[in-house]
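S.K.: Turn this into a model:
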Amino acid sequence: MTNTVDVALIGGGIMSATLGSLLKELQPDWSIQIFERLGDIALESSNPWNNAGTGHAALCELNYTPEKPDGSIDISSAVKVNEQFQVSRQFWAHLVDTGALPDPSAFITATPHMSFVWGEANVEYLRKRFEALQDHPLFAGMEFSTDARTIRSWAPLMIPGRKKSEPIAATRIVSGTDVDFGALTHLLTKNLVEGGAELTTEVVVSGLKRQKDGTWQIRLRKDIGGTPLPPINARFVFVGAGGYALGLLQKSGIKEIRGYGGFPVSGEFLRTDNPDVVAKHAAKVYGKAAVGSPPMSVPHLDLRVVDGTGSLMFGPYAGFSPRYLKSGSLVDLFASIRWHNLIPMIAAGLGNLGLVRYLVGQLVARPETKFAELTQFYPDAKPEDWYKIIAGQRVQVIKKDKKKLGVLQFGTEVVAAADGSIAGLLGASPGASTAVPIMLTVLEKCFPDRLEAWRPALTAMIPSYGTQLSDTPAVAAATLQRTAKALRITA
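M.R.: Model prediction:
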(Lines give C-alpha, C1' and ligand atoms only; values in the text may rest on other atoms or scores of the structure.)
Protein backbone atom coordinates (compact mmCIF):
# COMPACT_ATOMS: atom_id res chain seq x y z
CA MET A 1 0.00 0.00 0.00
CA THR A 2 1.37 3.42 -0.98
CA ASN A 3 2.23 5.69 1.95
CA THR A 4 0.25 8.96 2.03
CA VAL A 5 1.43 12.21 3.65
CA ASP A 6 -0.40 15.47 4.10
CA VAL A 7 2.34 17.69 2.64
CA ALA A 8 5.19 16.91 0.25
CA LEU A 9 7.88 19.55 -0.21
CA ILE A 10 10.03 18.98 -3.29
CA GLY A 11 13.39 20.72 -2.94
CA GLY A 12 15.41 21.35 0.20
CA GLY A 13 15.90 25.11 -0.11
CA ILE A 14 14.67 28.17 1.77
CA MET A 15 11.23 28.14 0.12
CA SER A 16 10.32 24.60 1.16
CA ALA A 17 11.80 25.16 4.62
CA THR A 18 9.74 28.33 5.03
CA LEU A 19 6.46 26.81 3.85
CA GLY A 20 7.02 23.76 6.01
CA SER A 21 7.70 25.98 9.02
CA LEU A 22 4.51 27.98 8.47
CA LEU A 23 2.42 24.82 8.11
CA LYS A 24 4.03 23.30 11.21
CA GLU A 25 2.86 26.33 13.19
CA LEU A 26 -0.61 26.40 11.63
CA GLN A 27 -1.37 22.69 11.37
CA PRO A 28 0.97 20.75 13.67
CA ASP A 29 -1.00 17.52 13.15
CA TRP A 30 -0.13 17.37 9.43
CA SER A 31 2.59 15.00 8.24
CA ILE A 32 5.36 16.57 6.13
CA GLN A 33 7.84 14.87 3.79
CA ILE A 34 10.77 16.76 2.22
CA PHE A 35 12.59 15.48 -0.87
CA GLU A 36 16.02 16.75 -1.96
CA ARG A 37 17.90 15.42 -4.99
CA LEU A 38 21.39 16.32 -3.67
CA GLY A 39 23.29 14.95 -0.71
CA ASP A 40 22.31 17.83 1.56
CA ILE A 41 19.82 20.67 1.68
CA ALA A 42 20.53 24.30 0.68
CA LEU A 43 23.23 23.47 -1.85
CA GLU A 44 21.72 25.39 -4.77
CA SER A 45 20.38 28.98 -4.67
CA SER A 46 19.99 28.98 -0.87
CA ASN A 47 23.70 28.29 -0.36
CA PRO A 48 25.38 31.44 1.03
CA TRP A 49 27.95 31.57 -1.77
CA ASN A 50 25.28 31.22 -4.44
CA ASN A 51 23.49 34.48 -3.56
CA ALA A 52 24.36 37.93 -2.26
CA GLY A 53 22.64 37.41 1.13
CA THR A 54 21.56 41.02 1.13
CA GLY A 55 18.33 40.63 3.00
CA HIS A 56 16.72 42.55 0.14
CA ALA A 57 14.82 45.43 1.69
CA ALA A 58 15.44 47.92 -1.15
CA LEU A 59 17.52 50.00 1.24
CA CYS A 60 20.39 50.17 -1.24
CA GLU A 61 19.29 48.47 -4.49
CA LEU A 62 18.83 51.32 -6.95
CA ASN A 63 16.95 49.23 -9.52
CA TYR A 64 13.90 49.38 -7.19
CA THR A 65 13.77 53.19 -7.42
CA PRO A 66 13.76 54.14 -11.11
CA GLU A 67 13.74 57.73 -12.28
CA LYS A 68 10.52 58.64 -14.09
CA PRO A 69 10.44 60.70 -17.31
CA ASP A 70 9.57 63.83 -15.32
CA GLY A 71 12.70 63.40 -13.21
CA SER A 72 10.92 62.25 -10.04
CA ILE A 73 11.78 58.96 -8.30
CA ASP A 74 9.31 56.07 -8.22
CA ILE A 75 9.65 54.43 -4.80
CA SER A 76 6.65 52.06 -5.08
CA SER A 77 8.74 48.93 -5.83
CA ALA A 78 11.17 49.76 -3.04
CA VAL A 79 8.34 50.12 -0.53
CA LYS A 80 6.76 46.85 -1.70
CA VAL A 81 9.99 44.88 -1.35
CA ASN A 82 10.72 46.40 2.06
CA GLU A 83 7.21 45.55 3.26
CA GLN A 84 7.80 41.96 2.16
CA PHE A 85 11.14 41.72 3.93
CA GLN A 86 9.58 43.03 7.14
CA VAL A 87 7.08 40.14 6.95
CA SER A 88 10.00 37.69 6.76
CA ARG A 89 11.70 39.39 9.70
CA GLN A 90 8.54 39.18 11.80
CA PHE A 91 8.23 35.44 11.20
CA TRP A 92 11.89 34.84 11.98
CA ALA A 93 11.55 36.90 15.16
CA HIS A 94 8.54 34.80 16.17
CA LEU A 95 10.54 31.60 15.68
CA VAL A 96 13.38 33.05 17.77
CA ASP A 97 10.94 33.98 20.53
CA THR A 98 9.50 30.44 20.58
CA GLY A 99 12.92 28.77 20.50
CA ALA A 100 12.51 27.26 17.03
CA LEU A 101 15.48 29.41 15.91
CA PRO A 102 17.61 29.45 19.05
CA ASP A 103 20.53 31.54 17.78
CA PRO A 104 19.68 34.26 15.23
CA SER A 105 23.35 35.22 14.95
CA ALA A 106 23.84 31.93 13.10
CA PHE A 107 21.98 33.32 10.09
CA ILE A 108 21.58 37.11 10.33
CA THR A 109 24.13 39.85 10.99
CA ALA A 110 23.71 43.61 11.28
CA THR A 111 25.39 45.07 8.19
CA PRO A 112 24.89 48.65 6.93
CA HIS A 113 23.40 48.97 3.44
CA MET A 114 24.83 51.66 1.18
CA SER A 115 24.27 53.03 -2.30
CA PHE A 116 27.28 54.57 -4.03
CA VAL A 117 27.45 56.49 -7.31
CA TRP A 118 29.83 58.70 -9.25
CA GLY A 119 29.29 61.32 -11.96
CA GLU A 120 27.16 64.45 -11.71
CA ALA A 121 23.97 62.91 -13.15
CA ASN A 122 24.13 59.91 -10.83
CA VAL A 123 24.87 62.10 -7.82
CA GLU A 124 21.76 64.14 -8.58
CA TYR A 125 19.72 60.94 -8.99
CA LEU A 126 20.88 59.61 -5.61
CA ARG A 127 20.09 62.95 -3.96
CA LYS A 128 16.52 62.82 -5.32
CA ARG A 129 16.19 59.17 -4.25
CA PHE A 130 17.28 60.09 -0.73
CA GLU A 131 14.80 62.95 -0.59
CA ALA A 132 12.01 60.64 -1.75
CA LEU A 133 12.80 57.96 0.86
CA GLN A 134 14.16 59.73 3.93
CA ASP A 135 10.77 60.45 5.52
CA HIS A 136 9.26 57.05 4.76
CA PRO A 137 8.78 54.99 7.95
CA LEU A 138 10.44 51.89 6.46
CA PHE A 139 13.53 53.84 5.42
CA ALA A 140 14.03 55.79 8.64
CA GLY A 141 17.62 56.63 9.45
CA MET A 142 18.84 56.91 5.86
CA GLU A 143 21.87 59.23 5.56
CA PHE A 144 23.17 61.01 2.45
CA SER A 145 26.59 62.49 1.76
CA THR A 146 28.73 63.82 -1.07
CA ASP A 147 31.70 64.32 1.25
CA ALA A 148 34.61 61.95 0.59
CA ARG A 149 35.71 61.97 4.23
CA THR A 150 32.25 61.01 5.44
CA ILE A 151 31.90 58.25 2.83
CA ARG A 152 35.38 56.98 3.73
CA SER A 153 34.28 56.70 7.37
CA TRP A 154 31.36 54.55 6.18
CA ALA A 155 33.35 52.39 3.73
CA PRO A 156 37.13 52.92 4.01
CA LEU A 157 38.06 50.92 0.90
CA MET A 158 36.12 53.04 -1.52
CA ILE A 159 37.84 56.42 -1.38
CA PRO A 160 41.65 56.01 -1.46
CA GLY A 161 42.92 56.07 -5.04
CA ARG A 162 39.90 57.93 -6.36
CA LYS A 163 40.23 61.25 -8.19
CA LYS A 164 39.34 64.12 -5.86
CA SER A 165 37.64 65.96 -8.71
CA GLU A 166 35.19 63.11 -9.34
CA PRO A 167 31.67 63.85 -8.05
CA ILE A 168 30.55 61.05 -5.71
CA ALA A 169 27.61 60.41 -3.39
CA ALA A 170 26.44 57.70 -1.04
CA THR A 171 23.52 56.82 1.18
CA ARG A 172 23.69 54.60 4.23
CA ILE A 173 21.24 52.82 6.51
CA VAL A 174 22.90 51.13 9.47
CA SER A 175 19.89 48.86 10.10
CA GLY A 176 20.62 46.68 7.06
CA THR A 177 21.49 43.01 7.36
CA ASP A 178 23.49 40.17 5.86
CA VAL A 179 21.55 36.89 5.78
CA ASP A 180 23.01 33.40 5.42
CA PHE A 181 20.03 31.69 3.82
CA GLY A 182 21.85 28.37 3.81
CA ALA A 183 22.21 28.44 7.59
CA LEU A 184 18.60 29.60 7.95
CA THR A 185 17.40 26.74 5.73
CA HIS A 186 19.30 24.22 7.86
CA LEU A 187 17.90 25.66 11.10
CA LEU A 188 14.31 25.69 9.82
CA THR A 189 14.59 22.17 8.44
CA LYS A 190 16.19 20.89 11.65
CA ASN A 191 13.23 22.26 13.58
CA LEU A 192 10.82 20.61 11.14
CA VAL A 193 12.51 17.22 11.43
CA GLU A 194 12.60 17.45 15.22
CA GLY A 195 8.87 18.15 15.04
CA GLY A 196 8.17 14.97 13.07
CA ALA A 197 8.80 15.88 9.42
CA GLU A 198 10.81 13.46 7.32
CA LEU A 199 13.73 14.55 5.15
CA THR A 200 14.96 12.34 2.34
CA THR A 201 18.09 13.37 0.44
CA GLU A 202 19.67 11.91 -2.71
CA VAL A 203 16.27 11.11 -4.17
CA VAL A 204 14.97 12.41 -7.50
CA VAL A 205 11.30 13.17 -8.10
CA SER A 206 10.80 11.73 -11.58
CA GLY A 207 7.08 12.37 -11.97
CA LEU A 208 3.84 13.67 -10.47
CA LYS A 209 0.49 12.07 -11.25
CA ARG A 210 -2.94 13.02 -9.97
CA GLN A 211 -4.82 10.09 -8.41
CA LYS A 212 -8.56 9.41 -8.43
CA ASP A 213 -8.82 10.21 -4.73
CA GLY A 214 -7.37 13.70 -5.35
CA THR A 215 -3.90 12.99 -3.96
CA TRP A 216 -0.70 13.25 -5.96
CA GLN A 217 1.48 10.24 -6.60
CA ILE A 218 5.13 11.25 -6.37
CA ARG A 219 7.36 8.95 -8.39
CA LEU A 220 10.88 8.63 -7.05
CA ARG A 221 14.28 7.38 -8.16
CA LYS A 222 17.47 6.89 -6.22
CA ASP A 223 19.25 9.06 -8.79
CA ILE A 224 18.67 10.41 -12.29
CA GLY A 225 17.89 7.42 -14.48
CA GLY A 226 18.57 5.14 -11.55
CA THR A 227 16.70 2.65 -9.42
CA PRO A 228 12.99 3.38 -8.97
CA LEU A 229 11.85 3.76 -5.37
CA PRO A 230 8.37 3.13 -3.94
CA PRO A 231 6.13 6.13 -4.74
CA ILE A 232 4.55 8.30 -2.07
CA ASN A 233 1.14 9.97 -2.24
CA ALA A 234 0.56 13.49 -0.92
CA ARG A 235 -2.59 15.49 -0.33
CA PHE A 236 -0.70 18.71 -1.05
CA VAL A 237 2.52 19.20 -3.04
CA PHE A 238 4.79 22.22 -3.13
CA VAL A 239 7.49 22.33 -5.77
CA GLY A 240 10.30 24.48 -4.40
CA ALA A 241 12.96 22.98 -6.62
CA GLY A 242 14.48 26.18 -7.99
CA GLY A 243 14.99 26.00 -11.74
CA TYR A 244 13.62 22.45 -11.79
CA ALA A 245 10.20 23.62 -10.60
CA LEU A 246 9.17 24.41 -14.17
CA GLY A 247 9.83 20.90 -15.44
CA LEU A 248 8.13 19.20 -12.49
CA LEU A 249 5.03 21.37 -12.82
CA GLN A 250 4.97 20.52 -16.52
CA LYS A 251 5.12 16.83 -15.63
CA SER A 252 2.16 17.29 -13.29
CA GLY A 253 0.00 18.24 -16.27
CA ILE A 254 -1.80 21.12 -14.54
CA LYS A 255 -3.17 23.57 -17.07
CA GLU A 256 -1.95 26.58 -15.08
CA ILE A 257 1.66 25.93 -16.12
CA ARG A 258 0.87 26.19 -19.83
CA GLY A 259 2.64 29.05 -21.56
CA TYR A 260 5.37 29.36 -18.95
CA GLY A 261 9.01 29.03 -19.89
CA GLY A 262 12.33 29.81 -18.29
CA PHE A 263 15.48 31.67 -19.29
CA PRO A 264 18.57 30.53 -17.36
CA VAL A 265 21.26 33.00 -16.30
CA SER A 266 24.39 32.03 -14.44
CA GLY A 267 26.56 34.40 -12.49
CA GLU A 268 30.05 34.92 -11.18
CA PHE A 269 31.48 36.93 -8.30
CA LEU A 270 34.96 37.95 -7.26
CA ARG A 271 35.66 37.02 -3.64
CA THR A 272 38.35 37.85 -1.15
CA ASP A 273 38.97 36.34 2.28
CA ASN A 274 42.00 38.53 3.03
CA PRO A 275 41.28 39.66 6.62
CA ASP A 276 43.10 42.98 6.13
CA VAL A 277 40.84 43.83 3.19
CA VAL A 278 37.66 42.50 4.79
CA ALA A 279 38.27 44.52 7.96
CA LYS A 280 37.99 47.75 5.95
CA HIS A 281 34.56 47.13 4.44
CA ALA A 282 31.76 46.40 6.91
CA ALA A 283 28.86 47.15 4.55
CA LYS A 284 26.91 46.10 1.50
CA VAL A 285 27.35 48.72 -1.21
CA TYR A 286 25.22 48.78 -4.36
CA GLY A 287 25.93 50.91 -7.41
CA LYS A 288 23.95 51.86 -10.47
CA ALA A 289 23.64 49.54 -13.44
CA ALA A 290 24.96 50.79 -16.75
CA VAL A 291 22.38 52.30 -19.09
CA GLY A 292 20.57 49.54 -20.95
CA SER A 293 21.73 46.79 -18.60
CA PRO A 294 19.19 44.43 -16.97
CA PRO A 295 18.34 44.65 -13.24
CA MET A 296 20.41 41.54 -12.52
CA SER A 297 23.56 43.45 -13.50
CA VAL A 298 23.55 45.98 -10.64
CA PRO A 299 27.14 45.93 -9.28
CA HIS A 300 27.70 45.57 -5.57
CA LEU A 301 30.55 45.08 -3.11
CA ASP A 302 29.25 43.09 -0.18
CA LEU A 303 30.39 41.93 3.21
CA ARG A 304 29.35 38.28 3.63
CA VAL A 305 29.37 36.58 7.02
CA VAL A 306 29.29 32.79 6.78
CA ASP A 307 29.94 30.57 9.80
CA GLY A 308 31.02 33.66 11.69
CA THR A 309 33.76 34.58 9.22
CA GLY A 310 33.69 37.63 6.96
CA SER A 311 34.50 37.73 3.26
CA LEU A 312 33.87 40.27 0.51
CA MET A 313 32.09 39.56 -2.78
CA PHE A 314 31.91 41.77 -5.84
CA GLY A 315 29.73 41.27 -8.87
CA PRO A 316 27.68 39.95 -10.39
CA TYR A 317 29.20 39.06 -13.72
CA ALA A 318 26.60 37.33 -15.84
CA GLY A 319 27.15 34.14 -17.78
CA PHE A 320 25.02 31.70 -19.67
CA SER A 321 24.41 28.01 -19.25
CA PRO A 322 21.39 26.01 -20.44
CA ARG A 323 21.32 24.31 -17.04
CA TYR A 324 18.39 25.15 -14.75
CA LEU A 325 20.44 24.31 -11.64
CA LYS A 326 24.19 24.45 -10.98
CA SER A 327 24.01 20.69 -10.64
CA GLY A 328 21.57 20.39 -13.56
CA SER A 329 21.86 19.09 -17.10
CA LEU A 330 23.00 20.81 -20.28
CA VAL A 331 19.66 19.86 -21.86
CA ASP A 332 17.48 21.51 -19.18
CA LEU A 333 16.53 24.51 -21.32
CA PHE A 334 15.68 22.42 -24.35
CA ALA A 335 13.80 19.82 -22.29
CA SER A 336 11.51 22.55 -20.95
CA ILE A 337 10.23 23.55 -24.39
CA ARG A 338 6.59 22.61 -25.07
CA TRP A 339 4.16 23.51 -27.82
CA HIS A 340 2.37 25.91 -25.46
CA ASN A 341 5.49 27.86 -24.39
CA LEU A 342 7.43 27.90 -27.66
CA ILE A 343 5.94 31.18 -28.92
CA PRO A 344 6.29 32.94 -25.51
CA MET A 345 9.94 31.86 -25.31
CA ILE A 346 10.72 33.05 -28.83
CA ALA A 347 8.85 36.34 -28.28
CA ALA A 348 10.63 36.94 -24.97
CA GLY A 349 13.97 36.34 -26.67
CA LEU A 350 13.22 38.78 -29.47
CA GLY A 351 11.94 41.33 -26.97
CA ASN A 352 15.10 41.19 -24.86
CA LEU A 353 17.87 41.53 -27.39
CA GLY A 354 19.51 44.02 -25.04
CA LEU A 355 19.80 41.27 -22.42
CA VAL A 356 21.26 38.93 -25.03
CA ARG A 357 23.85 41.53 -26.01
CA TYR A 358 24.66 42.09 -22.33
CA LEU A 359 25.18 38.37 -21.74
CA VAL A 360 27.36 38.02 -24.83
CA GLY A 361 29.42 41.00 -23.71
CA GLN A 362 29.91 39.45 -20.29
CA LEU A 363 30.87 36.09 -21.76
CA VAL A 364 33.59 37.54 -23.98
CA ALA A 365 34.88 40.09 -21.45
CA ARG A 366 38.52 39.61 -20.47
CA PRO A 367 39.39 39.03 -16.79
CA GLU A 368 41.18 42.40 -16.77
CA THR A 369 37.99 44.11 -17.94
CA LYS A 370 35.95 42.46 -15.21
CA PHE A 371 38.48 43.36 -12.55
CA ALA A 372 38.38 46.99 -13.72
CA GLU A 373 34.70 47.06 -12.68
CA LEU A 374 35.76 46.22 -9.13
CA THR A 375 38.23 49.12 -9.09
CA GLN A 376 35.35 51.52 -9.72
CA PHE A 377 34.23 50.61 -6.18
CA TYR A 378 37.63 49.79 -4.67
CA PRO A 379 40.29 51.73 -6.60
CA ASP A 380 43.27 50.14 -4.82
CA ALA A 381 42.09 46.53 -5.23
CA LYS A 382 44.86 44.02 -5.98
CA PRO A 383 44.15 41.07 -8.31
CA GLU A 384 46.08 38.64 -6.11
CA ASP A 385 43.58 39.17 -3.27
CA TRP A 386 40.57 38.06 -5.32
CA TYR A 387 39.36 34.83 -6.90
CA LYS A 388 36.32 33.87 -8.96
CA ILE A 389 33.35 31.92 -7.60
CA ILE A 390 30.32 30.71 -9.51
CA ALA A 391 26.99 31.88 -8.12
CA GLY A 392 23.69 30.04 -8.19
CA GLN A 393 21.82 29.42 -11.41
CA ARG A 394 18.80 31.69 -11.90
CA VAL A 395 15.87 30.91 -14.19
CA GLN A 396 13.89 34.01 -15.13
CA VAL A 397 10.17 33.54 -15.76
CA ILE A 398 8.84 33.68 -19.32
CA LYS A 399 5.07 33.97 -19.61
CA LYS A 400 2.39 35.04 -22.03
CA ASP A 401 1.55 38.72 -22.14
CA LYS A 402 -1.79 40.34 -22.99
CA LYS A 403 -1.06 39.83 -26.67
CA LYS A 404 -0.62 36.08 -26.07
CA LEU A 405 3.04 36.38 -27.00
CA GLY A 406 5.71 36.33 -24.33
CA VAL A 407 7.61 38.51 -21.87
CA LEU A 408 10.63 37.95 -19.66
CA GLN A 409 9.70 38.65 -16.05
CA PHE A 410 12.21 39.62 -13.38
CA GLY A 411 10.91 38.39 -10.05
CA THR A 412 9.05 35.40 -8.67
CA GLU A 413 5.66 33.88 -9.41
CA VAL A 414 3.55 31.29 -7.63
CA VAL A 415 1.82 28.89 -10.00
CA ALA A 416 -0.94 26.83 -8.39
CA ALA A 417 -3.57 24.40 -9.60
CA ALA A 418 -7.14 25.68 -9.44
CA ASP A 419 -8.03 23.18 -6.71
CA GLY A 420 -5.01 24.17 -4.59
CA SER A 421 -3.61 20.64 -4.42
CA ILE A 422 -0.24 21.57 -5.94
CA ALA A 423 1.79 24.74 -6.29
CA GLY A 424 5.29 25.73 -7.29
CA LEU A 425 7.52 28.76 -7.37
CA LEU A 426 9.15 30.09 -10.52
CA GLY A 427 11.66 32.92 -10.89
CA ALA A 428 14.50 34.50 -8.93
CA SER A 429 15.29 37.78 -7.13
CA PRO A 430 14.37 39.07 -4.59
CA GLY A 431 13.56 35.44 -3.79
CA ALA A 432 14.92 34.27 -0.46
CA SER A 433 14.52 37.60 1.34
CA THR A 434 10.81 37.54 0.62
CA ALA A 435 10.32 33.81 1.21
CA VAL A 436 7.74 34.31 3.96
CA PRO A 437 5.32 36.59 2.02
CA ILE A 438 5.74 34.37 -1.05
CA MET A 439 4.81 31.31 0.98
CA LEU A 440 1.88 33.20 2.49
CA THR A 441 0.71 33.64 -1.11
CA VAL A 442 0.92 29.86 -1.51
CA LEU A 443 -1.27 29.42 1.57
CA GLU A 444 -3.79 31.96 0.29
CA LYS A 445 -3.98 30.32 -3.14
CA CYS A 446 -4.05 26.72 -1.98
CA PHE A 447 -5.91 26.83 1.35
CA PRO A 448 -8.50 29.63 1.02
CA ASP A 449 -11.02 27.66 3.06
CA ARG A 450 -8.65 27.47 6.04
CA LEU A 451 -7.44 31.07 6.12
CA GLU A 452 -10.02 32.38 8.56
CA ALA A 453 -9.30 29.56 10.99
CA TRP A 454 -5.57 30.21 10.59
CA ARG A 455 -5.80 34.00 10.82
CA PRO A 456 -5.30 34.28 14.63
CA ALA A 457 -2.15 32.16 14.42
CA LEU A 458 -0.90 34.08 11.39
CA THR A 459 -1.34 37.44 13.08
CA ALA A 460 0.33 36.12 16.23
CA MET A 461 3.38 35.13 14.14
CA ILE A 462 3.23 38.12 11.79
CA PRO A 463 1.39 41.02 13.46
CA SER A 464 1.25 43.04 10.23
CA TYR A 465 -0.40 40.17 8.30
CA GLY A 466 -3.07 41.56 6.00
CA THR A 467 -1.98 45.18 6.52
CA GLN A 468 0.78 47.52 5.35
CA LEU A 469 3.29 48.84 7.87
CA SER A 470 3.68 51.93 5.69
CA ASP A 471 0.15 52.99 6.53
CA THR A 472 0.97 53.52 10.21
CA PRO A 473 4.41 55.03 10.87
CA ALA A 474 4.27 54.39 14.62
CA VAL A 475 3.50 50.69 14.07
CA ALA A 476 6.24 50.46 11.43
CA ALA A 477 8.82 51.94 13.80
CA ALA A 478 7.76 49.67 16.65
CA THR A 479 7.84 46.60 14.41
CA LEU A 480 11.33 47.35 13.09
CA GLN A 481 12.57 47.93 16.64
CA ARG A 482 10.92 44.78 18.00
CA THR A 483 12.22 42.45 15.26
CA ALA A 484 15.71 43.97 15.44
CA LYS A 485 15.80 43.26 19.17
CA ALA A 486 14.50 39.70 18.75
CA LEU A 487 16.98 38.95 15.96
CA ARG A 488 19.78 40.72 17.85
CA ILE A 489 20.65 42.95 14.92
CA THR A 490 20.35 46.35 16.57
CA ALA A 491 23.19 48.40 15.14
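S.K.: Kindly confirm whether my reading is correct that residue 245 touches residue 423.
M.R.: No - using CB atoms under 8 Å, residue 245 is not in contact with residue 423, being 9.7 Å away. For the C-beta atoms, the positions are set from N, CA and C on the backbone; glycine is no exception.
S.K.: okay, and the common contacts of the two?
M.R.: Shared contacts of residue 245 and residue 423 (CB atoms under 8 Å, 6 or more residues apart in numbering): residue 239.
S.K.: ok, residue 380 to residue 161 distance?
M.R.: Distance check for residue 380 against residue 161: by CB to CB, to the nearest Å, it reads 4 Å.
S.K.: ah, wrong one, I meant residue 213
M.R.: Residue 213 is 68 Å from residue 161, where distance means CB to CB.
S.K.: Looking at those two, which has the bigger crowd around it?
M.R.: residue 161 (11 against 8; other CB atoms under 10 Å).
S.K.: residue contacts, the more buried one?
M.R.: Residue 161 makes contacts with 375, 379-380, as judged by CB under 8 Å, 6+ apart.
S.K.: switch the cut-off to 7 Å
M.R.: By CB atoms under 7 Å, 6 or more residues apart in numbering, residue 161 lies in contact with 379-380.
S.K.: Pull out the buried residues from the strand or helix carrying residue 476.
M.R.: Using DSSP states H and E, residue 476 sits within helix 473-487. Neighbour-count burial for helix 473-487, counted by 16 or more other CB atoms under 10 Å, picks out 475-476, 479-480, 483-484, 486-487.
S.K.: Likewise for stretch 53-72?
M.R.: Quick answer for stretch 53-72 (16+ other CB under 10 Å): 53-65.
S.K.: from the chain's centre, how far out does it sit?
M.R.: Distance of stretch 53-72 from the chain centroid (CA atoms, centre = their mean, to the nearest Å) equals 16 Å.
S.K.: Need the residues that contact it.
M.R.: By CB under 7 Å, 6+ apart, the list of residues contacting stretch 53-72 reads 73-75, 77-78, 81-82, 85, 113-115, 125, 129, 139, 173, 176-181, 284, 286, 288-289, 295, 298, 302, 304, 430, 433-434.
S.K.: Pull out the buried members of the residues you listed.
M.R.: Neighbour counting with 16+ other CB under 10 Å marks 73, 75, 78, 81-82, 85, 113-115, 125, 129, 139, 173, 176-181, 284, 286, 288-289, 298, 302, 304, 430, 433-434 as buried within the contacts of stretch 53-72.
S.K.: So which of those residues are in helices?
M.R.: Mapping those onto helices (DSSP state H) picks out 78, 81-82, 85, 125, 129, 181.
S.K.: and which of these is nearest to residue 107?
M.R.: The closest of those to residue 107 turns out to be residue 181 (CB to CB; 7.5 Å).
S.K.: And the closest one, how far from residue 413?
M.R.: 20 Å.
S.K.: and the spatially most central residue of the chain, what is it in contact with?
M.R.: In the chain, the residue lying closest to the centroid (CA atoms, centre = their mean) is residue 431, at 2.5 Å. Applying CB under 7 Å, 6+ apart to residue 431 gives the contacts residue 412.
S.K.: same thing but 10 Å
M.R.: Counting by CB atoms under 10 Å, 6 or more residues apart in numbering, residue 431 touches 13-15, 45-46, 51, 56, 181, 242, 392, 394, 411-412, 425, 438.
S.K.: quick check, nearest of the residues you listed to residue 199?
M.R.: Using CB to CB, these come closest to residue 199 at residue 13, 12.6 Å.
S.K.: Just confirm the closest one contacts residue 40, I think it does.
M.R.: No - with contact defined as CB atoms under 10 Å, residue 13 does not count as touching residue 40 (11.2 Å).
S.K.: Tell me how many other residues surround residue 47.
M.R.: Counted with other CB under 10 Å, residue 47 comes out at 21.
S.K.: Am I right that it is in a strand?
M.R.: No - Residue 47 sits outside any strand when classified using DSSP: H, G, I helix; E, B strand; the rest coil, being coil.
S.K.: Setting aside sequence neighbours, what's the nearest residue to it?
M.R.: With CB to CB, 6 or more residues apart in numbering as the criterion, residue 47 has its nearest non-adjacent residue at 4.8 Å, and that residue is residue 182.
S.K.: residues contacting that neighbour?
M.R.: By CB under 10 Å, 6+ apart, residue 182 lies in contact with 13-14, 40-51, 53, 107, 306-307, 432.
S.K.: Could you identify the buried members of the residues you listed?
M.R.: Buried among the contacts of residue 182 by 16+ other CB under 10 Å: 13-14, 41-51, 53, 107, 306, 432.
S.K.: Next up, phi/psi of residue 15, please.
M.R.: Per-residue torsions, residue 15: phi -70, psi -50 (degrees, to the nearest 10).
S.K.: actually residue 118, not the one I typed
M.R.: Main-chain torsions, residue 118, degrees, to the nearest 10: phi -140, psi 160.
S.K.: Quick one: mean pLDDT over stretch 13-25.
M.R.: Across stretch 13-25, the average pLDDT comes to 97.
S.K.: chain center to it: distance?
M.R.: For stretch 13-25, the distance to the chain centre is 15 Å (CA atoms, centre = their mean).
S.K.: same question, stretch 204-216
M.R.: Chain-centre distance of stretch 204-216: 29 Å, with CA atoms, centre = their mean.
S.K.: can you check stretch 376-383 too?
M.R.: 27 Å.
S.K.: Next, the buried residues of it.
M.R.: Under the neighbour-count criterion of 16+ other CB under 10 Å, stretch 376-383 has 376-378, 381 buried.
S.K.: sorry, back to before: now tabulate the buried residues of helix 473-487 in TSV and tack on distance to residue 253 and pLDDT.
M.R.: Formatted as TSV, those follow (distance: CB to CB, whole Å; pLDDT from 0 to 100):
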residue	distance to residue 253	pLDDT
475	45	95
476	44	95
479	42	96
480	44	95
483	41	96
484	46	95
486	43	96
487	42	96
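S.K.: Return the member of those nearest to residue 328.
M.R.: Of the buried residues of helix 473-487, the one sitting nearest to residue 328 (CB to CB) turns out to be residue 487, at 33.8 Å.
S.K.: Now do the contacts for the residue nearest to that closest one when sequence neighbours are not counted.
M.R.: Spatial nearest neighbour of residue 487, excluding adjacent residues (CB to CB, 6+ apart): residue 104 at 4.5 Å. By CB under 10 Å, 6+ apart, the contact set of residue 104 is 92-93, 95-96, 184, 187, 486-489.
S.K.: can you give me the strands for the stretch 1-150 of the chain?
M.R.: According to DSSP state E, counting those that start in this stretch, the stretch 1-150 of the chain carries its strands in the segments 3-10, 32-36, 108-110, 113-118, 143-145.
S.K.: With respect to residue 277, which of those lies nearest?
M.R.: Per CB to CB, nearest to residue 277 of the strands of the stretch 1-150 of the chain: strand 113-118, 17.0 Å.
S.K.: Please report phi then psi for the closest residue to residue 177 other than its chain neighbours.
M.R.: Spatial nearest neighbour of residue 177, chain neighbours left out: residue 55 (4.0 Å); criterion: CB to CB, 6+ apart. Backbone torsions of residue 55, given as degrees, to the nearest 10, read phi 70, psi 60.
S.K.: what's the pLDDT at residue 55?
M.R.: Looking at residue 55, its pLDDT is 73.
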